[in-house]
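[1] predicted model, plus sequence, below.
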Amino acid sequence: MADTLVTYCVVHQPRRLRLPARPLPADLPPRQWAEHLFDDAMNRRYLEKVARWCYYPAAEMFQSMLDNGFKLGVGFSVSVLWQMRRWDRRLCNVFRRLVSHPNCELVGVEPYHSFAFAFDIELFKKEMARGKAYAEEFFDKEISVTDTTEMVMNSEVYFALQQSGYRGAMMDGRPWVMEWREPTRLYSHAGRDLALFCRHYELSDDVGYRFSNRTWEGYPLTADRYAAQLRDTWGRMVFLAWDFETFGEHHNVDTGIFSFMTHLGGEVKKQGIECLLPSEAVSRFSGDMPDLPLPVFGTTWAGSGGMEFFLGNASQQAIYRLMNSALNKAKLARRKEVMDLALWLLQSDNLHLIQWAGRSGSEAEVSAYFTPDEWWKLGGDRILVEQQNVYKSFIQALDPLM
């Protein structure tokens, strides 16, 4: 029976593309390309919407929970921090207050939630260091445990993080990865000392995805019943992880999600479960970390847990190839401003948002939900074409810089 709990949330907003695509005029300097590639007016609207329904009330909720002894790890993409700095400085201070709490730990995140890990592992290491430095400066707090992009993990990602000096990293504890092992403990890989937190995907998804689903057999989920399930879980430690946007955005206030979480801290105490910060769990359990073989193709917490969520249809594979071309050509241009634009274009969201193409079912519905309403006015087929055109415009505009 588990008697310790580690909880983590990630805060992220993508920098969404401007559709339909705009060509980049030959005489336009690279410093002005961003307004043609990204729809920042739309991005501001989405940030303000999510802040109103999620970020402000959920931060207040967690602040109260931390005051009462709950503990939380929280990570921020540079993408969302950059947007908050531009458009909502008050929200910056709300999150700074939350992170400064002694019961809150700042966790590392890949800065743009990008696919850099798939194209250049050394670039990935540099980007992880950049994201760490940015977040540490933003919150004036150190990072020792890290997430990645969509909790992606495979063997080379593990070694890259281990070589970067982190004490712990996070992955999704899917059965096809864990095999006969339980996710309720820390693991290591290949004899190295980087601790692996394995997200309990079933218990996490009961809250993250199923909480407001009235057809789910577990509906309605109550805090006392959920805390009892945590306690009855076999093993020593349950690791829960959610999008921060779960609270108020994915499940709105009318679902009872805030009331559920507010009562959860007290119910966890009643069950005799001790809350730990990620680094506290590493300190306590790192002396006993069995080996966990990691998959070559990688695991993620998206969809069914495999990379096919991002690369499972022809449209995603086309964008993936265009991402690679954009990155390689930006490297050849040797211009800092175009390299930064290429990194923005590597955002995993641009693959996530078209997972629905040619598919049906719950995963496609989730992908379609995240696709901007403004895009749907173009129609599904044109979304796919215009998204590719954004990348093509960028790649072609680099020619004069070679």
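    Received, thanks. Keep in mind it's a predicted model, so treat the numbers as computed, not measured.

[2] hey, what's residue 4 bridged with?
    residue 237, residue 274 (DSSP bridges).

[3] and the pLDDT at it?
    Predicted confidence (pLDDT) at residue 4: the value is 98.

[4] centroid residue for the protein?
    By C-alpha atoms, centre = their mean, the chain has its centre lying nearest to residue 150, at 4.3 Å.

[5] hmm, it is touching residue 305, no?
    No: contact criterion C-beta atoms under 8 Å: residue 150 and residue 305 do not qualify, at 10.4 Å. Where you see a C-beta, it was placed from the backbone N, CA and C, and this is true even at glycine.

[6] quick one, phi/psi of residue 70?
    Reported as degrees, to the nearest 10, the phi and psi values for residue 70 are phi -70, psi 150.

[7] which residues does it contact?
    Contacts for residue 70 were tallied using C-beta atoms under 8 Å, 6 or more residues apart in numbering; they are 7, 62, 103, 264, 265, 268, 275.

[8] can you get me a residue count around the fifth one?
    Using other C-beta atoms under 10 Å, residue 265 is surrounded by 22 other residues.

[9] not counting sequence-adjacent ones, nearest residue to it?
    residue 70 (4.1 Å; C-beta to C-beta, 6 or more residues apart in numbering).

[10] how about the last one?
    The shortest distance from residue 275 to any residue that is not its chain neighbour, by C-beta to C-beta, 6+ apart, is 4.0 Å, and that residue is residue 71.

[11] check the third one too.
    Leaving aside its sequence neighbours, residue 103 sits nearest to residue 66 (C-beta to C-beta, 6+ apart; 4.1 Å).

[12] what's the answer for the first one, then?
    For residue 7, the nearest residue in space outside its immediate sequence neighbours is residue 240; the separation is 4.9 Å by C-beta to C-beta, 6+ apart.

[13] just give the number of residues close to residue 165.
    Neighbours around residue 165, by other C-beta under 10 Å: 10.

[14] that one is in what secondary structure piece?
    Counting by DSSP states H and E, there is no helix or strand that carries residue 165.

[15] with residue 169 instead?
    strand 168-172.

[16] wouldn't residue 281 be in contact with residue 198 here?
    No: look at residue 281 against residue 198 with C-beta under 8 Å: they stay out of range, at 11.6 Å.

[17] what touches both of these two?
    Counting by C-beta under 8 Å, 6+ apart, nothing touches both residue 281 and residue 198.

[18] give the contact list for residue 393.
    21, 22, 23, 24, 36, 37.

[19] could you check how far the fifth one is from residue 211?
    From residue 36 over to residue 211 the distance is 40 Å, taken as C-beta to C-beta, to the nearest Å.

[20] more neighbours: these two, which one.
    Set residue 36 next to residue 211 and count neighbours by other C-beta under 10 Å: residue 211 wins out with 23 against 18.

[21] for the closest residue to residue 105 other than its chain neighbours, grab the count of nearby residues.
    Nearest residue to residue 105 in three dimensions, chain neighbours excluded: residue 277, at 4.2 Å (C-beta to C-beta, 6+ apart). By the criterion of other C-beta under 10 Å, residue 277 has 22 neighbours.

[22] re the thing from before, as CSV, the contacts of residue 70 with distance to residue 134, secondary structure and pLDDT would be great.
    As requested, these are exported to CSV (distance: C-beta to C-beta, whole Å; DSSP: H, G, I helix; E, B strand; the rest coil; pLDDT from 0 to 100):
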residue, distance to residue 134, secondary structure, pLDDT
7, 24, strand, 98
62, 22, helix, 98
103, 23, coil, 98
264, 31, helix, 98
265, 30, helix, 96
268, 32, helix, 98
275, 28, strand, 98
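
[23] let's have these in JSON lines, adding distance to residue 312.
    Below are those laid out as JSON lines (distance: C-beta to C-beta, whole Å):
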{"residue": "7", "distance to residue 312": "30"}
{"residue": "62", "distance to residue 312": "34"}
{"residue": "103", "distance to residue 312": "39"}
{"residue": "264", "distance to residue 312": "34"}
{"residue": "265", "distance to residue 312": "38"}
{"residue": "268", "distance to residue 312": "37"}
{"residue": "275", "distance to residue 312": "37"}
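
[24] I figured the residue nearest to residue 7 hits residue 203, correct?
    Yes: using C-beta under 8 Å, residue 240 is in contact with residue 203, at 6.2 Å.

[25] so where's the chain uncertain?
    Counting by pLDDT under 70, the chain contains no low-confidence residues.

[26] same thing but at 80, please
    Residues of the chain meeting the criterion pLDDT under 80: 361-362.

[27] quick revisit: just checking, what packs against the helix or strand where the residue nearest to residue 7 lies?
    In this structure, residue 240 sits in strand 237-243 according to DSSP H and E. The contact analysis (3 or more C-beta pairs under 8 Å, 6 or more residues apart in numbering; DSSP states H and E) places strand 237-243 against strand 4-11, strand 195-199, helix 201-208.

[28] can you give me the helices for the stretch 101-250 of the chain?
    Counting by DSSP state H, counting those that start in this stretch, the stretch 101-250 of the chain has helices at residues 116-119, 121-139, 155-163, 175-178, 201-208, 223-232.
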